[in-house]
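>>> Here's a sequence, model it:
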Amino acid sequence: MNSLLPFGSTDDSFDDRGEFVPCHLPDPGPFLADCEVLAHESHVRVHEWTREAFEVRGVYDATFGYNLARLNLDARHPDAGIRYARADGELRAEFTPTTAFCPQAETLAVAAFRAWNDRGDGASTPSPPEGIDRVRVRVAPMHRDADAINDRLRALE
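Residues are numbered from 1 along each chain as shown. Got it, this is the predicted structure:
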């Protein structure tokens, strides 16, 4: 077994990078309603940028021990991950944690917001795909603290 894989996982547990597998992603939630939800190549392109930005900024899920972007590829959690949509020159991202009581949801969502929106702290974050000026982030309403977390994310905007 590859020692770099999260505990209890195998290569078969993950989709290939560059692959769009909708049955292994959460359904788009209300934050993405009335927007152009990304799929196929556009989803993959934004998600690859996400993976790179999270790697530079250290956005890691402590429970699974991997870059948070890898959650989208983890077939063991088909209802968790990040969905994206475009609306008026901005990217919207909705993070669905693996459980309604995920204690890391706020920390991960805020870290993702900061990684995507490069706060000028000297880190060399990869440039976003063309047409993305900012990223707005929300946690899916299935999380028990979604309202409070989303209030904090709105304040960060």
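>>> Please name the residues that touch C102.
Shown in contact with C102 (C-beta atoms under 8 Å, 6 or more residues apart in numbering): H143. The way it works is simple: take the backbone N, C-alpha and C, and place the C-beta from them, glycine included.
>>> Give me the three-state assignment for it.
coil (DSSP: H, G, I helix; E, B strand; the rest coil).
>>> Next: the one 5 residues further on.
When the structure is split into helix, strand and coil by three-state DSSP, T107 lands in helix.
>>> In terms of pLDDT, where does it sit?
The model reports T107 with a pLDDT of 96.
>>> Check the gap between it and G89 for me.
Separation of T107 from G89 (C-beta to C-beta, to the nearest Å): 28 Å.
>>> cool, T98 as well?
Counting by C-beta to C-beta - T98 and G89 are separated by 31 Å.
>>> got it, and H77?
Distance, H77 to G89, by C-beta to C-beta: 31 Å.
>>> Give me the more crowded residue out of the two.
H77 (19 against 9; other C-beta atoms under 10 Å).
>>> in the chain, which ranges drop under the pLDDT threshold?
Scanning the chain for pLDDT under 70 picks out the ranges 1-11, 119-123.
>>> Which neighbouring elements make contact with the lengthiest helix in it?
The longest helix of the chain (DSSP state H) is helix 40-57. Judged by 3 or more C-beta pairs under 8 Å, 6 or more residues apart in numbering; DSSP states H and E, helix 40-57 is in contact with strand 66-67, strand 81-87, helix 105-116.
>>> if I've got this straight, L71 is in a strand?
No. According to three-state DSSP, L71 belongs to no strand; its state is helix.
>>> hang on, the earlier thing: how about the longest helix of the chain: buried residues?
Across helix 40-57, burial judged by 16 or more other C-beta atoms under 10 Å covers H43, V44, V46, H47, W49, T50, R51, E52, A53, F54, E55, R57.
>>> What of stretch 18-38?
So, applying 16+ other C-beta under 10 Å, buried residues of stretch 18-38: F20, H24, L25, P26, P28, G29, F31, L32, C35, V37, L38.
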